[in-house]
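J.: please work out how this folds:
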Amino acid sequence: MRKLFVVLIGLMLVASAGVVLAGFDEFGYNGKARNFVGTCLSWHMGKFGSTPAQAAAYCGAYSNDKLKMKWNAEWDRGNDEGWSNGPYDAWTDNQWNGKFPGGSGETWHYKIKWIGPCGADGTPLPDGGYCIWGQFEVLMSHGTAANQHFWDAHATPAGYGSN
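T.: Below you'll find the model as predicted:
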């Protein structure tokens with residue numbers, strides 16, 4: 001009876017692993033679930049169709065860093081429309097982890113949302129965030145580098161909310 005139980009548990013784990021992995025492409029994107037789990041290299045190759053050498057040239061020291069991204073349906077809509085038909089209630093959450101052998105040694109966590117025209121990259125915004133890509137606010141940016149912790153942005157409130 002114990003062997004049967006172990007075999008059943010094993011089959012359930014294998015079956016559930018297949019379900020969890022279903023939907024991810026070879027680069028780490030799962031468009032249906034709106035998330036990505038991979039490296040800087042696989043992100044670049046999946047997003048831009050680049051070769052490993054091109055991706056490595058772009059990513060540099062961050063090439064092997066682990067990257068997790070999540071975004072909502074509005075982010076997809078904005079990308080599809082070239083961000084020209086707002087307003088958008090779009091957001092993304094990106095986490096970088098290079099704290100392992102072969103990684104950059106850095107970690108970073110970003111929360112970003114669409115806000116409409118906001119100026120040049122790095123323009124400070126009244127709530128404590130900053131502008132990036134001309135239409136987005138970095139609500140939260142913090143990480144570690146050289147064993148020091150940095151807060152580049154911490155908007156108040158730091159949640160995505162709606163526009």
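
J.: now do the same contact list for the residue at minimal distance from the centre of the chain.
T.: What sits nearest the mean C-alpha location of the chain, by Cα atoms, centre = their mean, is M69, with 2.2 Å. By Cβ atoms under 8 Å, 6 or more residues apart in numbering, the contact list for M69 reads 35-36, 43, 92-95. The C-beta positions use only the backbone N, C-alpha and C, and glycine is treated the same way.

J.: please repeat the previous calculation with a cut-off of 10 Å.
T.: Counting by Cβ atoms under 10 Å, 6 or more residues apart in numbering, M69 touches 28-29, 34-38, 43, 75, 92-96, 110.

J.: ok, the residues you listed vs A155, which is closest?
T.: Y110 (11.7 Å; Cβ to Cβ).

J.: neighbours around that closest one, how many?
T.: 19 (other Cβ atoms under 10 Å).

J.: over to W151?
T.: That count, for W151 with other Cβ under 10 Å as the rule, works out to 10.

J.: pull up the gap between it and Y88, please.
T.: To Y88, W151 is 26 Å away according to Cβ to Cβ, to the nearest Å.

J.: what lines up beside the helix or strand hosting the residue nearest to the centre of the chain in the sheet?
T.: Per DSSP states H and E, M69 falls inside strand 66-71. Next to strand 66-71 in the sheet, as set by DSSP bridges, lie strand 35-39 (antiparallel), strand 91-97 (antiparallel).

J.: I132: which of the ones you listed is closest?
T.: So among these, strand 91-97 is nearest, using Cβ to Cβ, at 11.0 Å.

J.: note down every partner strand of the lengthiest strand in the chain and its orientation.
T.: Secondary structure of the chain per DSSP state E: the longest strand is strand 136-145. Applying DSSP bridges, strand 136-145 is found paired with strand 107-114 (antiparallel), strand 130-132 (antiparallel), strand 148-154 (antiparallel).

J.: now the ones you listed in CSV, with mean pLDDT?
T.: Output for those, formatted as CSV (pLDDT from 0 to 100):
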stretch, mean pLDDT
strand 107-114, 97
strand 130-132, 97
strand 148-154, 93
